[in-house]
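> Would you be able to build a 3D model of this:
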Amino acid sequence: MSLGERIIYLTSLATFFMSLIVGLFVYIKNKKATVNRMWLLLSISTAIWNLGYAGTIIANNKSAALFFSRYFLYGGAILVPAFYLHFILSFLGIKRVRILFLSYIVALILIFIDFTSPFMIKDMLTKLNFKYYSEPGFAYLPFLAFFTFGVCYALYLMFVHYQDLSAYKRNQSKYIMIASIVGFLGGATNYPLIYNIKIFPFGHPLVFLYPIIITVAIVRYRLMDITVAVTRTGIFVAIYTLILGLPFAVAVWLEGWFIEILGSHWWSAPLGLMAALATVGPFIYIYIDRKAEARLLRQQRRYQDTLKQASVGMTRIRNLRKLLDLITHIVTKTVRISYAAIYLYDADTDRYVLQVSRDKGRASVPFINIDATLVKWILLKREPLIHEEVKRLMQDSNAEIYRLLEKDMRILTASVIIPSFLEDRFMGFIVLGDKLSGQIYTPEDLDVFQILASQAALAIENAQFYEEAKEMQEQIAQAEKMATIGTMADGLSHQINNRFYALSLIAGDTIDTIKMTDTSNCTPEVREMIGQINHALERIQTNVIQGGEVVRGILKYTRKGEESFEALTLDRIIDGTLEMVQYKVKLSEIDIVRDYTKSTPKVKGNLTQLQEVFFNFIDNAYDAIVERGTLLKEEGYHGRIIVSAVPKNSSLEITVEDNGIGVKEPDIKKMFTPFFTTKISSRRGTGLGLYVIKRIITDNHKGAINFESAYRVGTRFIISLPIAE
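Below you'll find the model as predicted:
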């Protein structure tokens, strides 16, 4: 076996195994996809062709060589253009039924001619370095025309429909076109020798690369830009051709000179040169590769550096809205993206809510529910999502989750979704549309966006903390104002009561004067007018009395009360509470149920402080009931507060339960924290109520308080107070 035969034999054998392996691998990935099935058939035909080529080289006689050439080499080669055209049509998602049918008919006719007659291959002759090489018959030329037409027409369709493909599929098509050109041109170098043109089939080893590259393009979406891939491959081939080829060239050209100087050890010179080049080769490759990549990806590196710099400076921005606007502005303008949006978790609605979007012509989705497939997937994987990859997963698997995931991304018009995590907390995500340039999001892009999202999470938390701190200061100021009003209550109530007393005296004296006045001689009109005045004065007196009661209630609530403790019935505490709370909430809109007996034991406590506790319970329950009615809009819903009591050992366990909106699970642990509030209405509280209640129950009364709640179900407070002896 000559050196040339050995090279072709080894590369044919390697291509045979590689074609079968990659074909089966792609098929197993998705057995139902037409693209995958056609790639398997194309890989099998390529494998048969290479097996036949290897068989002709190792054949012991002409008959065996003719057998391998006719039934394997050309049997496989004839099927290649038909299967390749079918594969490309499936990849593009277009139909050409007639031409595809015709190509299969022609292929079957050629196979029949090849298998049953010498019209395709009539003999095996010695040509160039090969002991047996095919001698063509008159049907060989139609075969070449069919092969050329099938491949060229498929590549033409790829070129024509290129702009209709998505960015990721366009990048795939580049890999497929490059691999096809390399593989088929490499294989074409086998044909000149068929017609006795003495050119060695030097390109045949390139066929080995063809199935590998196309397989990568089929099963992967995060591909390197094809320009970079080709450049890297070219540099690698050039460098290592120099490393391996130069010593051989030197050995051939300067063999006599080396023998003259070094004698029988002349081979040590080219061997030493090879060792030296092999040592410096990797460094040369890395240097040239970096320079070439920096030049090719100059624009991409520029915006990646800009994003990195922006991510560092974001943490200094305190205004949340300004921060989010800045992020979307930088991303869309720097990377030139068609659309960008940011969704953040909102504890009040328990959703991921759209905060900002940048594309005025697009109707953005206002929120994503926390139980959405998209959210669950991100929490599980914690990595960027690419729409094209999701579609591929959906095609490769029948799992419902991929269909739902693809639907969520399609609704969001997302090409890429970048999650934003702060440690284990999922803060939100950035939605990115397609690049205006039509290029793909490279792995390097995704790495930079993840850095940006991580820094954004920290910056967002800082901005939220700053705004919460600012709001807390306002609440503290409001609480101080209320405390000041409380200390002024005695003086204010005295002044108001004096005015009420004066009004009452004036109204009473005027009524007495009217009653003592003889109006018999007055006209009917005057008597009617005097009657209306008398009625108005009586109404004034009634409202003065009610106003005085309100003032006394406020004064009673704001006064600290005596520190002494006494035996108190639960009815006495609740009656006093309702007397005060009626001026803040509409008791007519809710039912207050007292679910305890008259024989319920008395508790030992301070009346004023316990009335403050129940005032807060009823006030908070009323707000929760109003919020549930507004938010859920349930038919037939009516607010209800149930107060029950059960003696337990030396304590009375009192439960105050409502059917309001309840509290979300993340907020339950914060309920007794100062200045934390769940109220979202205009009646938003200071967040001090439950904190004060806990102090009153546990510190002042040596009792205990527990809290249970379920969102959209209701809330239950359980307090234990010592029973009076």
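
> tell me which residues of the helix or strand where Ile113 lies are tucked away?
Ile113 belongs to helix 97-116 when assigned by DSSP states H and E. Residues Ser103, Val106, Ala107, Leu110, Ile111, Ile113, Asp114 are the ones in helix 97-116 that count as buried (16 or more other C-beta atoms under 10 Å). Any C-beta I mention is one placed from the backbone N, CA and C, and that applies to glycine too.

> Contacts only, for the first one.
What it means is Ser103. Contact analysis of Ser103 by C-beta atoms under 8 Å, 6 or more residues apart in numbering lists Pro81, Ala82, Leu85, His86, Phe146, Gly150.

> any idea how far it lies from Phe138?
To Phe138, Ser103 is 21 Å away according to C-beta to C-beta, to the nearest Å.

> for the helix or strand Thr279 falls within, packing partners?
If you go by DSSP H and E, Thr279 is part of helix 268-296. Packing contacts for helix 268-296, counted by 3 or more C-beta pairs under 8 Å, 6 or more residues apart in numbering; DSSP states H and E, involve helix 226-253, helix 255-262.

> what is the orientation angle of that helix with helix 255-262?
Here helix 268-296 runs at an angle of 120 degrees relative to helix 255-262 (axes from the mean of the first three to the mean of the last three C-alpha atoms, to 10 degrees).

> re the thing from before, hey, least reliable of the helices and strands packed on helix 268-296 by pLDDT?
Lowest mean pLDDT of those: helix 226-253, a mean of 63.

> one step back: just the buried ones from the contacts of Ser103?
Those of the contacts of Ser103 that meet the buried threshold are Pro81, Ala82, Leu85, His86, Phe146, Gly150, by 16+ other C-beta under 10 Å.

> per-residue confidence for the fourth one?
Meaning His86. What the model reports for His86 is a pLDDT of 95.

> is it true that it lies in a helix?
Yes: the assignment for His86 by DSSP: H, G, I helix; E, B strand; the rest coil puts it in a helix.

> quick one: what helix or strand has the nearest residue to it once chain neighbours are set aside in it?
Residue nearest to His86 in three dimensions, not counting chain neighbours: Met38, with 5.0 Å by C-beta to C-beta, 6 or more residues apart in numbering. Element membership for Met38, per DSSP H and E: helix 34-58.

> Do a quick rundown of the strands in the stretch 251-400 of the chain.
Here the stretch 251-400 of the chain has its strands, by DSSP state E, counting those that start in this stretch, at 340-346, 351-358, 367-369, 385-386.

> Check the gap between the residue of the chain positioned farthest from its centre and Ile533 for me.
No residue in the chain sits farther from the centre than Asn521, which is 89.4 Å out by C-alpha atoms, centre = their mean. Plainly put, Asn521 is 18 Å away from Ile533 if you go by C-beta to C-beta.

> again, but for Tyr104
In terms of C-beta to C-beta, Tyr104 sits 109 Å off from Ile533.

> likewise Ser415?
78 Å.

> These two: who's more crowded?
Taking other C-beta atoms under 10 Å, Ser415 and Ile533 do not tie; Ser415 has more neighbours (23 against 13).

> Just list the residues touching the more buried one, thanks.
Ala167, Ile386, His387, Glu388, Leu432, Gly433, Asp434, Lys435, Tyr441.

> can you rerun that using 7 Å?
Contacts for Ser415 (C-beta atoms under 7 Å, 6 or more residues apart in numbering) come out as His387, Leu432, Gly433, Asp434.

> Select from those residues the one having the most neighbours.
Each of the contacts of Ser415 was scored by neighbour count (other C-beta under 10 Å); the top score is that of Leu432, with 27 neighbours.

> Okay, and the beta partners of that residue?
Counting by DSSP bridges, Leu432 is bridged to Ala340, Val416.

> show me what contacts it?
With contacts defined as C-beta under 7 Å, 6+ apart, Leu432 is in contact with Val331, Ile337, Ala340, Ala414, Ser415, Val416, Ile418.

> Does the fourth one fall in a helix, a strand, or a coil region?
It stands for Ala414. Three-state assignment for Ala414 (three-state DSSP): coil.

> Neighbours of the spatially closest residue to it that is not a sequence neighbour, how many?
Spatially, and ignoring its direct neighbours in sequence, Ala414 is nearest to Val431 (4.6 Å; C-beta to C-beta, 6+ apart). A count of nearby residues for Val431, using other C-beta under 10 Å, gives 25.

> Any idea which of the strands of the stretch 251-400 of the chain gets closest to Gly203?
strand 385-386 (35.6 Å; C-beta to C-beta).

> neighbouring strands for the closest one, and are they parallel or not?
In the sheet, strand 385-386 lines up against strand 416-422 (antiparallel) (DSSP bridges).

> in the partner strand, what's buried?
By neighbour count on 16+ other C-beta under 10 Å, the buried set for strand 416-422 is Val416, Ile417, Ile418, Pro419, Ser420, Phe421.

> try stretch 400-412
By 16+ other C-beta under 10 Å, the buried positions in stretch 400-412 come out as Tyr402, Arg403, Leu404, Leu405, Glu406, Asp408, Met409, Leu412.

> Sort out for me which of the residues you listed are in helices.
Residues of these located in helices (DSSP state H): Tyr402, Arg403, Leu404, Leu405, Glu406, Asp408, Met409.

> of those, closest to Met529?
Using C-beta to C-beta, Asp408 comes nearest to Met529 of those, at 73.8 Å.

> Hmm, Lys376 and the closest one touching each other?
No: look at Asp408 against Lys376 with C-beta atoms under 7 Å: they stay out of range, at 10.1 Å.

> so what's Asn369 up against?
Asn369 makes contacts with Arg351, as judged by C-beta under 7 Å, 6+ apart.

> Based on its surroundings, how many neighbours for Ser437?
For Ser437, using other C-beta under 10 Å, the count is 12.

> That one contacts Ser338, doesn't it?
No: counting by C-beta under 7 Å, Ser437 stays clear of Ser338, with 10.3 Å between them.

> follow-up on the earlier one: determine whether the claim that the residue farthest from the centre of the chain is in a helix is correct.
No: the assignment for Asn521, made by three-state DSSP, is coil rather than a helix.

> Just the pLDDT for it.
The model's pLDDT for Asn521 equals 80.

> returning to what we had before: now for the strands of the stretch 251-400 of the chain, which one comes closest to Tyr622?
Tyr622 sits nearest to strand 340-346 of all these, at 24.0 Å, using C-beta to C-beta.

> list the buried ones in that closest one?
Burial within strand 340-346, assessed by neighbour count using 16+ other C-beta under 10 Å, is assigned to Ala340, Ala341, Ile342, Tyr343, Leu344, Tyr345.
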